[in-house]
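Enquirer: model this:
(chains A and B)
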There are 2 protein chains.
Amino acid sequence: MIRFFERDPYSPIQYVYEVERVLYKGKSQYQEIMVIENPYFGKILILDGVVQLTERDEFFYHEMLVHVIMHSHPEPKRVVVIGGGDGGAVREVLRHPTVEEVFFVELDREVTEVSKRFFPTVSSGVDDPKVKTHNMDGAEFVKNRNQEFDIVIVDSTDIIGFAKSLFTVEFFRAVKEALKAEGMFVTLSESLHFHRELVLDVQDTLRLVFPIVDLYTAPIATYAGNWWTFSCASMSLDMRQMRREPVEGTRFYCPEVHHQAFLPKGLYERLLKRELDW
Amino acid sequence: MIRFFERDPYSPIQYVYEVERVLYKGKSQYQEIMVIENPYFGKILILDGVVQLTERDEFFYHEMLVHVIMHSHPEPKRVVVIGGGDGGAVREVLRHPTVEEVFFVELDREVTEVSKRFFPTVSSGVDDPKVKTHNMDGAEFVKNRNQEFDIVIVDSTDIIGFAKSLFTVEFFRAVKEALKAEGMFVTLSESLHFHRELVLDVQDTLRLVFPIVDLYTAPIATYAGNWWTFSCASMSLDMRQMRREPVEGTRFYCPEVHHQAFLPKGLYERLLKRELDW
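Expert: Numbering: from 1, shown residues only, chains lettered A, B, ... in the order given. I've put the predicted structure just below:
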């Protein structure tokens, strides 16, 4: 049996996947890209040795990344997706009939090419006429924008190495300037089990910039630590509240999931105060 | 670096742990018992090649196994813990001041001996005067009992192999007979990510026997699939409701966690009807 040993330096458990076939192995200007076939998860996309998505469970991540703030916003029209080269986040954004333009900002165009070839159900939206692709650094894209967007979504590979420019106070300030008065922002922020200090760093940094910051979680089996967090921020509106009917076509996200996903307020306060003893 | 490769035939991801030291390796009449030291999780207890608990995160599992139904019960006095030889569940049961007797039914006394030696903070309650230890099969223990207990908790190693006698309709019927009019039952039932058919089997079997059955989850990083489920059943009372003040000393469990842990009702209904397409 051939096995793939994940190389995630920030996970205290190493995950090993059975490999039925290696479907693709290449190196872009930015990273190593690999696609393997696994008997349980189907095809798996791996960047620099870390699992990014699997055919079987990608919808948990993409739906939860996108739909919580999208449903909390009263009328999201202009949406920025930074990263997410596979197209999964763009696909979910396009489910919202209010959306007029999606700015798809992915540095590495080869990730999108590989996704179109091996994950057509994930990349299905990237050629939609509403989608404007920009192959550039997301931090550069949002610089010097003034109240242009309703939603900014960060779907990056990690928050420490390659993508760390998307987790700085400068970036968050630029996002704030770029958002309209009811604008909202969301980013992955790693695992509440394994990376609590990182989660807190992201939260604290967001709080320096945005008036409303919150945290929700989703169970993702293929990301280290699994109790995956999403940090979200808003210019004026509470993101725990849904403001529109749920879109069609989701497999996990629904109004009950929206409300249950947020960390209970008492637990969230204890987390922020560093009062949790774990 | 020495590594421990978990041997869980029911996990599509294999978990690998760094081993600083092997602290114990033995074979009881029933199973292989191993204790390793890991830089992140501290000491880890492994039975037949599968991680049972880690010093760092055991409280998530033990608190969630025990406290949900214990707080839903109006006055739990006589409590049965089947399995859980490490003592973690017993420790949590003893936090409830209403408890008068704990029947600790673990087949393999060597697990308890190893736990007392290497996990004293986990096994701390097993010598409490309220605890009556019975080293025997849990299915035998509950047979031919008539309304003797308030709560029965199953903390077994797995639901397929070694412990499968604790997941049969005969066992659940015996538990029902053994419970008082307001009695409640809870058992682990594996991962909603990786073992959904098993979860459904347990749920369906419980439904053949008990008037009220429910399902809640907790995030456990060290169990395959991580989105860990607990199936619970009751003679008459809704377990989503808490009926007493929260006990002291818990690190994760709290009233908000109690309520959020249950699967949202709409999602739960779709799960039971096999309408989830994942």
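Enquirer: how near is residue A:123 to residue A:108?
Expert: Noted for residue A:123: a distance of 14 Å to residue A:108, by Cβ to Cβ, to the nearest Å. Yep, even glycine has a C-beta here, placed from its N, CA and C like the rest.
Enquirer: which of those two has more neighbours?
Expert: Using other Cβ atoms under 10 Å in any protein chain shown as the criterion, residue A:123 and residue A:108 rank with residue A:123 on top: 22 against 19.
Enquirer: show me what contacts the spatially most central residue of chain A?
Expert: The centre of chain A sits closest to residue A:155, judged by Cα atoms, centre = their mean, with a distance of 3.2 Å. Residue A:155 makes contact with A:65, A:81-84, A:88-89, A:188, according to Cβ atoms under 8 Å, 6 or more residues apart in numbering or on different chains.
Enquirer: show me which of the residues you listed is closest to chain B.
Expert: Proximity of these to chain B (Cβ to the nearest Cβ) peaks at residue A:88, which lies at 14.9 Å.
Enquirer: what pLDDT does the closest one get?
Expert: Residue A:88 carries a pLDDT value of 98.
Enquirer: burial check on the closest residue to it other than its chain neighbours, number of neighbours?
Expert: Spatial nearest neighbour of residue A:88, chain neighbours left out: residue A:62 (3.8 Å); criterion: Cβ to Cβ, 6 or more residues apart in numbering or on different chains. Residues lying near residue A:62 (other Cβ under 10 Å) number 25.
Enquirer: so residue A:62, which state does it fall into?
Expert: Assigned by DSSP: H, G, I helix; E, B strand; the rest coil, the conformation of residue A:62 is helix.
Enquirer: doesn't residue A:94 make contact with it?
Expert: No: with contact defined as Cβ atoms under 8 Å, residue A:62 does not count as touching residue A:94 (11.5 Å).
Enquirer: what segments of the stretch 101-250 of chain A are helices?
Expert: A:109-118, A:138-142, A:169-178, A:196-209 (DSSP state H, counting those that start in this stretch).
Enquirer: surely residue A:238 touches residue A:213?
Expert: No: judged on Cβ under 8 Å, residue A:238 makes no contact with residue A:213 at a distance of 11.1 Å.
Enquirer: okay, those two: which has more neighbours?
Expert: The neighbour count for residue A:238 versus residue A:213, taken as other Cβ under 10 Å, is higher for residue A:213 (21 against 10).
Enquirer: quick one: the strands in the stretch 1-150 of chain A?
Expert: Assigned by DSSP state E, counting those that start in this stretch, the stretch 1-150 of chain A shows strands spanning A:2-5, A:14-19, A:21-27, A:32-38, A:42-47, A:50-54, A:78-83, A:101-105, A:131-134, A:149-155.
Enquirer: now those strands in TSV, with mean pLDDT?
Expert: Shown next, in TSV, are the strands of the stretch 1-150 of chain A (pLDDT from 0 to 100):
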stretch	mean pLDDT
strand A:2-5	96
strand A:14-19	98
strand A:21-27	98
strand A:32-38	98
strand A:42-47	98
strand A:50-54	97
strand A:78-83	98
strand A:101-105	98
strand A:131-134	98
strand A:149-155	98
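Enquirer: of all the ones you listed, which one is nearest residue B:160?
Expert: Closest of the strands of the stretch 1-150 of chain A to residue B:160 is strand A:14-19, at 19.6 Å (criterion: Cβ to Cβ).
Enquirer: so, in contact with chain B or not, that closest one?
Expert: Yes: looking at strand A:14-19 against chain B by Cβ under 8 Å from any Cβ of the partner chain, the contacts come from A:14-18.
Enquirer: neighbour-wise, which of these leads?
Expert: residue A:17 (23 neighbours).
Enquirer: need the strands of the stretch 1-150 of chain A in CSV (columns: distance to residue A:276).
Expert: Compiled in CSV, the strands of the stretch 1-150 of chain A are given as follows (distance: least, Cβ to Cβ, whole Å):
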stretch, distance to residue A:276
strand A:2-5, 31
strand A:14-19, 25
strand A:21-27, 41
strand A:32-38, 35
strand A:42-47, 31
strand A:50-54, 27
strand A:78-83, 29
strand A:101-105, 35
strand A:131-134, 39
strand A:149-155, 25
